[in-house]
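Asks: Next comes the sequence, and after it the predicted model I'd like to discuss.
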Amino acid sequence: MQLTKAERKKLVGFKNIAYEEYLSARILFQNGRLIIACHLANTCLEKEMKSLLFAHRVATGKLHDTGKLLNLLDHAANSDVVQRINQDFLKVLTKIYECRYFESQGEGFNFVIQRRKFLAELDYTFDLLTKATVLKNVDNSPRNPTKYEIDSKNKLPELFKENYLLHGLTKEQFLNLHDDILEFRIMKDYHLVNDRYKIISNSERNSFLLEGLRPDDGGMFTYRAFPFDEILKDVPDIYQ
C-alpha cells in the first residue's frame, strides 16, 4: 500500500516504539524482572500487530489484547503469519499484562513465567511480525535498514545476548538448558504469593498457560507446574 505522510508517520511511530519496548523487555527478562518484562513483551507485540493491521486498513483503537488482535489479523489478511504465532503465548502475556491492576483480579488468579522459554518465544514472534511490515521508498530506491536490522548486524549486546535466532541455534537447543521459573497467585484477602525456582530444562515447548501454586485445605502449596524431580532450587517468597 502507498502511504500518505501522516500514515507513514503513524507506522514509523508504531514500529519504533515497538522495537524499544522489545529491547527493554529483553533486558528485563535477562535480569529476572519477569512480570514487567511480560508487560513490555505484550505491548511491543501489540504494536507490531497493529502495524500489520494498519497496512490492511483495519482499525484497532486502543485494544491491548494481543489474542484479539491476532483474530482481527486472521480475518483481515491471507497470511501464514497468524498460523506461525503461538496463541497460548499471546494469551498468557495478555493475562500477565492485566495483572498490573491487582484489584480487578479475583482470588486464585495465577500464572507461570518461564524466563528462557518466554524470551525465546518473544524473539521468534517479534522477528516474525516486524518483518511482516517493511517501509519502502516510492521511487523503488534501496530502503533504509531498520534499527532491528542494524542492531542485529552490529550484534548489539541487549539484542544479541541469549537470542537463539541471532546465534543460529534452534529453539530446542536453546530450551534444553536450565530455566528460571516464577509462579504467581493471588490468595485470599489479596495476599500475593511468588515462588521462584529453577528447572533442568524446558521439556515441553509449546504450552504457556500453566497453573502454578495451588494451596490445599491446610494452607500448604501442594501443586506445581513442574514435577518436583525437575526442580533444582526452590525459594518461596510470600509477602503481603
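Replies: Everything's here; your move. Numbers count the residues shown, from 1 in each chain.
Asks: For the most centrally placed residue in the chain, which non-adjacent residue is spatially closest?
Replies: The residue lying closest to the centre of the chain (CA atoms, centre = their mean) is A41, at 3.9 Å. Counting by CB to CB, 6 or more residues apart in numbering, A41 lies nearest to A25, which is 4.4 Å off, once chain neighbours are set aside. Every C-beta, even on glycine, is put in place using the N, C-alpha and C of the backbone.
Asks: From what I see, that neighbour and I35 are in contact.
Replies: No: using CB atoms under 8 Å as the test, A25 is too far from I35 to be in contact (11.2 Å).
Asks: Neighbour count for these two, which is higher?
Replies: A25 (26 against 16; other CB atoms under 10 Å).
Asks: From N154, how far out is the more buried one?
Replies: Going from A25 to N154 by CB to CB, to the nearest Å gives 20 Å.
Asks: can you give me the strands in this protein?
Replies: Using DSSP state E, the strands of the chain run over 110-114, 179-186, 192-199, 214-215, 221-223, 231-239.
Asks: Make CSV out of those and add mean neighbour count and mean pLDDT.
Replies: CSV is the format used below for those (neighbours: other CB atoms under 10 Å; pLDDT from 0 to 100):
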stretch, mean neighbour count, mean pLDDT
strand 110-114, 22, 94
strand 179-186, 21, 91
strand 192-199, 18, 87
strand 214-215, 14, 78
strand 221-223, 12, 62
strand 231-239, 11, 51
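Asks: Nice, that's everything, thank you.
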